[in-house]
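Structure for this input, please:
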Amino acid sequence: MRHSDSELLAEIGLTLYERKALAAVMVLGVADAASICREGGVPTSKIYRAMEKLAQLALVQAQPTRPKMYAALPPDVVVSRVIAIVREHADRLSAGGEDLRRLFASMTGKVRGKHPFVDLALGAESHVKRHLVHLADAKSRILSYMECGDLSSIDLAIDAGFPILRRIARNAAERSIHHQVVFGFSYRTAPQLLEFLKKHSVEVRNLTGVRYSGEVGHPFHVVDERIVILPLDHPFIPEGRFASLLIRDDDLARNLANGFENLWRKAMRSLQEINVDPRSKHV
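Down below sits the predicted model:
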């Protein structure tokens, strides 16, 4: 049995000896415990417990004779049963995860903002997977001001197989999240913004509100009025985004939320309010 195949069986909880016993039965077709031990290299002290578990999982058939005999099932049946076991485990994990989520929520400290917490993520990928992913777990409200560096890091993550915008949109729909976004841009970055809006039009339509403003130079996100994400960009870095800070602090979140409200009131409701021509050579 190949190592990769063995690992798949390990994922459903089969020990090394149980995997060896299953492989031996598949080779022999019908066999007693002694034959399985010889074929699979399973110690006699382990064989009966291993075969009992395989029978309970319906991966082999057991015949209560003397000596006890075991029969292999057709490969398609075994594979279907393995898939069913994986799904059963996933369902239990999903149900248990919700219970664990509620438990942790009930344990969360009631006094917040007294002890700020700061986490540094290096690189555009870590920014998305460690920090921006908190937007996909928001409970009530998100305020976002984004510029070209944010659009690039999101596109890189999605192209690499991490659908961050889809996860944010799904969570927002399920929990009725209030998510406002202001996109900052200049004539130089306008084509990138237009391409981003076109490429991700479905997710953008699901936002509570979108407005547009001239570049401020300091992108940020405020999640549930307590988590602040501050992306860090530099023009000498090839991908632009070299790090981000995640800060848990009520006072900082409150100040940035107030700043966002001022920016929101001044921001444009539509790009049609100015002449944004992707072919423009203005800088």
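
tell me the helices in the stretch 51-200 of the chain, going along the chain?
75-107, 124-126, 148-159, 164-175, 190-199 (DSSP state H, counting those that start in this stretch).

what residues are up against I142?
135, 172, 177-180, 221-224 (Cβ atoms under 8 Å, 6 or more residues apart in numbering). C-beta coordinates here come from the backbone N, C-alpha and C atoms, glycine included.

what's the pLDDT at H234?
Note for H234: predicted pLDDT of 83.

Just give the number of residues close to it.
Residues near H234, counting by other Cβ atoms under 10 Å, number 11.

just the one 3 residues further on next, same as before
When neighbours are defined as other Cβ under 10 Å, I237 has 14 of them.

thinking again about what came up before, in CSV: the helices of the stretch 51-200 of the chain, plus distance to V60 and mean neighbour count.
Below are the helices of the stretch 51-200 of the chain laid out as CSV (distance: least, Cβ to Cβ, whole Å; neighbours: other Cβ atoms under 10 Å):
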stretch, distance to V60, mean neighbour count
helix 75-107, 8, 11
helix 124-126, 44, 20
helix 148-159, 44, 20
helix 164-175, 40, 17
helix 190-199, 51, 16
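
Now distance to L256 and mean pLDDT too, for those, in TSV please.
TSV is the format used below for those (distance: least, Cβ to Cβ, whole Å; pLDDT from 0 to 100):
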stretch	distance to L256	mean pLDDT
helix 75-107	24	80
helix 124-126	21	90
helix 148-159	15	93
helix 164-175	19	93
helix 190-199	22	93
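
right, so of those helices, which gets closest to E18?
helix 75-107 (12.5 Å; Cβ to Cβ).

Against which helices or strands is that closest one packed?
helix 16-28 (3 or more Cβ pairs under 8 Å, 6 or more residues apart in numbering; DSSP states H and E).

Pull out the buried residues from the following helix or strand past the helix it packs on.
Later in the chain than helix 16-28, the nearest helix or strand by DSSP states H and E is strand 30-32. Residues 31-32 are the ones in strand 30-32 that count as buried (16 or more other Cβ atoms under 10 Å).

so where's this protein shaky on pLDDT?
Across the chain, the ranges flagged by pLDDT under 70 are 1-6, 107-115, 272-283.

Where strands are concerned, which of the contacts of I142 count?
When the contacts of I142 are checked against strands (DSSP state E), the matches are 178-180, 221-223.

about what we covered before: can I get the helices of the stretch 51-200 of the chain in TSV including distance to G184?
Compiled in TSV, those are given as follows (distance: least, Cβ to Cβ, whole Å):
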stretch	distance to G184
helix 75-107	34
helix 124-126	18
helix 148-159	8
helix 164-175	18
helix 190-199	9
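
which stretch among those helices comes nearest L14?
helix 75-107 (9.3 Å).
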